[in-house]
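S.K.: Generate coordinates for the sequence data below:
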Amino acid sequence: MIDIRRAEERGRTRWEWLDSRHTFSFGDYHDPERMGFRALRVLNDDRVKPGQGFGTHGHRDMEILSYVLEGALAHKDSTGGGGIIRPGEIQFMRAGSGVTHSEYNHSKVDPVHFLQVWIVPDKRGLTPTYGQQAFDPERAKRSFVLLASRDGREGSVQVEQDVSVWMTLLGKDESRELPLGPGRHAWVHMARGSAWVNGTPLREGDGSGLSGEAGLKLNRADAAEILVFDLK
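M.R.: Below is the predicted model:
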């Protein structure tokens, strides 16, 4: 079974400094048919103008990942965590028992384009924490790179949920396969470019939920950057 979520069907928040597209319900955008996919609760595609950003605000009981596509994102939170996140890095914040944080475009000149991902943890009230991890873009051009996982394997950030978050970079007309274990599900997000996923064409911003599939087959690509969430 394959469920397609087209880019133009997503919700949208548009402020003077922010243009955000919501794959699932978020903020003032509510769609009872799109409350998430398995433990994947939020997938926002955000563009923030230079020098602007999200002021200090709070979260709890959520595993939050930030993935920068273009530009640089500055993060600061109440755990003392903070840093500048750029392409080639994954940033993680465990909201747990409660945390406040802010995120701003680090540049006064260039916009920043990033994805914010929320994953529901399988435990509540965890101690808040922050992490930032670089990954190898060259390896992503050859195979899948693991960004986040329950056990933190392969240098990925550790999250409290049975999920593996993969990323790959496909060149024009390249193909790639990723097996899924029995009973597993996957959400595929086409961050940039286009490719066919199990015989279905996806364009930039499109998403696809897969259940009952033995794996993913990506092909007929046109220079694509793809995130895959392997979920129980």
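S.K.: any idea where the helices of this structure begin and end?
M.R.: Here the chain has its helices, by DSSP state H, at 137-140.
S.K.: Now do the residue nearest the centre of it against Lys123, distance only.
M.R.: Computing the C-alpha centroid of the chain and ranking residues by CA atoms, centre = their mean puts Val117 first, at 4.4 Å. In this view, Val117 and Lys123 are 18 Å apart by CB to CB, to the nearest Å. Every residue, glycine included, has its C-beta placed from N, CA and C.
S.K.: Ok, Thr200 next?
M.R.: Where Lys123 is concerned, Thr200 sits at a distance of 35 Å (CB to CB).
S.K.: Trp196 too?
M.R.: Trp196 is 37 Å from Lys123, by CB to CB.
S.K.: Neighbour count: those two, which is higher?
M.R.: Here Trp196 and Lys123 are compared on neighbour count by other CB atoms under 10 Å; more neighbours surround Trp196, at 15 against 9.
S.K.: where does the residue nearest to the centre of the chain land on pLDDT?
M.R.: Model confidence at Val117, given as pLDDT, is 98.
S.K.: Is it correct that it is in contact with Ala39?
M.R.: No - shown here, Val117 and Ala39 do not form a contact pair, counting by CB atoms under 8 Å, at 10.8 Å.
S.K.: Identify the bridge partners of the closest residue to Gly11 other than its chain neighbours.
M.R.: Excluding the flanking residues, the one nearest Gly11 by CB to CB, 6 or more residues apart in numbering is Tyr29, at 3.1 Å. Assessed by DSSP bridges, Tyr29 has beta-bridge partners Phe26.
S.K.: Does anything pack onto the longest strand that the chain contains? Which helices or strands?
M.R.: In the chain, assigned by DSSP state E, the strand with the most residues is strand 215-231. When contacts are defined as 3 or more CB pairs under 8 Å, 6 or more residues apart in numbering; DSSP states H and E, strand 215-231 packs onto strand 163-170, strand 176-179, strand 185-197.
S.K.: For Ser25, find the nearest of those.
M.R.: strand 185-197 (14.8 Å; CB to CB).
S.K.: Which strands border that closest one, and is each parallel or antiparallel?
M.R.: Short version: by DSSP bridges, strand 185-197 pairs with strand 200-202 (antiparallel), strand 207-211 (antiparallel), strand 215-231 (antiparallel).
S.K.: Among the ones you listed, which comes closest to Leu178?
M.R.: Between the strands paired with strand 185-197, strand 215-231 lies closest to Leu178; by CB to CB that is 4.5 Å.
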